[in-house]
Every structure is written in structure tokens, then in C-alpha cells.
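Peer 1: Predicted model follows, preceded by the sequence.
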Amino acid sequence: MLADNVEKVLITEEEIIERCTQLGKQISKDYADTYPVIIGLLKGSVPFMAELIKHIDIDCEIEFMAVSSYSGVESMGDVKIVKDLDRSIKGMHVLIVEDIVDTGKTLEKVKELLYSKGAASVKVVSLLDKPDRRIVDIEAEYVGFTIPNEFVIGFGLDFDQKYRNLPYVGVLKEECYK
């Protein structure tokens, strides 16, 4: 079973839902006079985005991008755009949905790309923030939870494409990736 490799549950499903409710209300208020394009970064953002948008009470569009910078447990530094947007965002207000802000390199690259495509504004909502690992000076405007430097899985976060379907955020047992 997946849960057998979880050292501990860091954030419960109930805590995630409660925080998504709070974030959704704040985003709805902040974007009340705009028509934002909400862009989920595949694959990790999917469970978070699905929960979050239930609590956003304004008109918006949803898009996806696939970017890659990880191999195993380490960020490789090179950010590769695997799937680009299917629509123009020129003049649009963009909200990137991310599972975790770690080194910051992925977000830096994606924000640069979106501004180069003509976005009027680009902000970030992230389920998790791991500031101890930051290499690039970048912050999410909306953060679900700030976490310590532990290898986390679940609720979209993976280790070698596994564990994304856990309904909570947990810490992976060290023997699973060492």
C-alpha cells in the first residue's frame, strides 16, 4: 500500500480543504474585477487546482502547462516546457497554480515565459512553500502551507511519478529514495 512508505502525515486532507476554501475566497476578492486565466502546472498541481477552483467564485478560464525540472528527489535546474498553453494570454491576468515552490527555478522560468507572451500580470498560488531550498528570489503571492525541508509526497506531489494520489501531504520514508 502507498501509505506504508509514508513516514508521517504533514498536512491532512481536511486541512488542505480548509486552506483551499480560505485561498479561494481571497483569490475571488483579489480578482473580482478581472477575468483571470488560471494555469495549472502539470502534473503536480492537479489535485490542488481541482480543490482550489471549487472555492473561487468568479468567472475565470483554466489552462494547463507541463514543465519539468526534477529527476527523482533533486531539481535538475534546467526547466523544460513539455506542454505550452493552448490559448493566447496577451493582456490577461494570470494565476499560476503550483504544487510546491522549492528552488524557485521553475516558477522563475514560467513567469518569464508568460510575461513574454504578453500577460498583464502573473501571480502564483502554491499548495506548499519550502523556503529553505530557495535558490531564486521568488515568492508565491498565495501559499497554502510553509513546510520544512523534507521530501513530501501526496496530493499531487510525487516521487518517480508515484504517490500523487494520496489524499494528504506526507513525508516519504528515507529508505524509499536513498
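Peer 2: Okay, I see it.
Peer 1: shaky segments in the protein?
Peer 2: Filtered on pLDDT under 70, the chain yields the residue ranges 69-77.
Peer 1: again, only this time at 50
Peer 2: Within the chain, not a single segment meets pLDDT under 50.
Peer 1: Closest to the centroid, which residue in the chain?
Peer 2: Nearest residue to the geometric centre of the chain (Cα atoms, centre = their mean): residue 98, 1.4 Å.
Peer 1: for that one, what are its contacts?
Peer 2: When contacts are counted by Cβ atoms under 8 Å, 6 or more residues apart in numbering, residue 98 is found next to 41, 44-45, 106-107, 124-127, 140. C-betas here are computed from N, CA, C, even on glycine.
Peer 1: which one of those is nearest residue 55?
Peer 2: Within the contacts of residue 98, the smallest distance to residue 55 is 11.3 Å, found for residue 125 (Cβ to Cβ).
Peer 1: Pull up the pairing partners for the helix or strand hosting that closest one, direction included.
Peer 2: Element membership of residue 125 [criterion: DSSP states H and E] is strand 121-129. Strand 121-129 sits in its sheet next to strand 93-101 (parallel), strand 142-146 (parallel), going by DSSP bridges.
Peer 1: could you dump those to TSV with distance to residue 79?
Peer 2: As requested, the strands paired with strand 121-129 are exported to TSV (distance: least, Cβ to Cβ, whole Å):
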stretch	distance to residue 79
strand 93-101	13
strand 142-146	21
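Peer 1: Please identify the most buried of these.
Peer 2: strand 93-101 (a mean of 24; mean count of other Cβ atoms under 10 Å).
Peer 1: of the contacts of residue 98, closest to residue 34?
Peer 2: Comparing the contacts of residue 98 against residue 34 with Cβ to Cβ places residue 125 closest, at 14.6 Å.
Peer 1: tell me the angle of the longest helix along the chain relative to strand 93-101?
Peer 2: Counting by DSSP state H, the longest helix found in the chain is helix 13-30. Angle, helix 13-30 to strand 93-101, by axes from the mean of the first three to the mean of the last three Cα atoms, to 10 degrees: 160 degrees.
Peer 1: how long is stretch 30-43 from one end to the other?
Peer 2: 26 Å (Cα to Cα, to the nearest Å).
Peer 1: And the contacts of it?
Peer 2: So stretch 30-43 is contacted by 46, 49, 53, 56, 58-67, 82-83, 85, 87, 89, 92-99, 106, 110, 114, 156, 158, 161, 164 (Cβ under 8 Å, 6+ apart).
Peer 1: neighbours of residue 131, just the number please.
Peer 2: Neighbour count for residue 131, taken as other Cβ atoms under 10 Å: 14.
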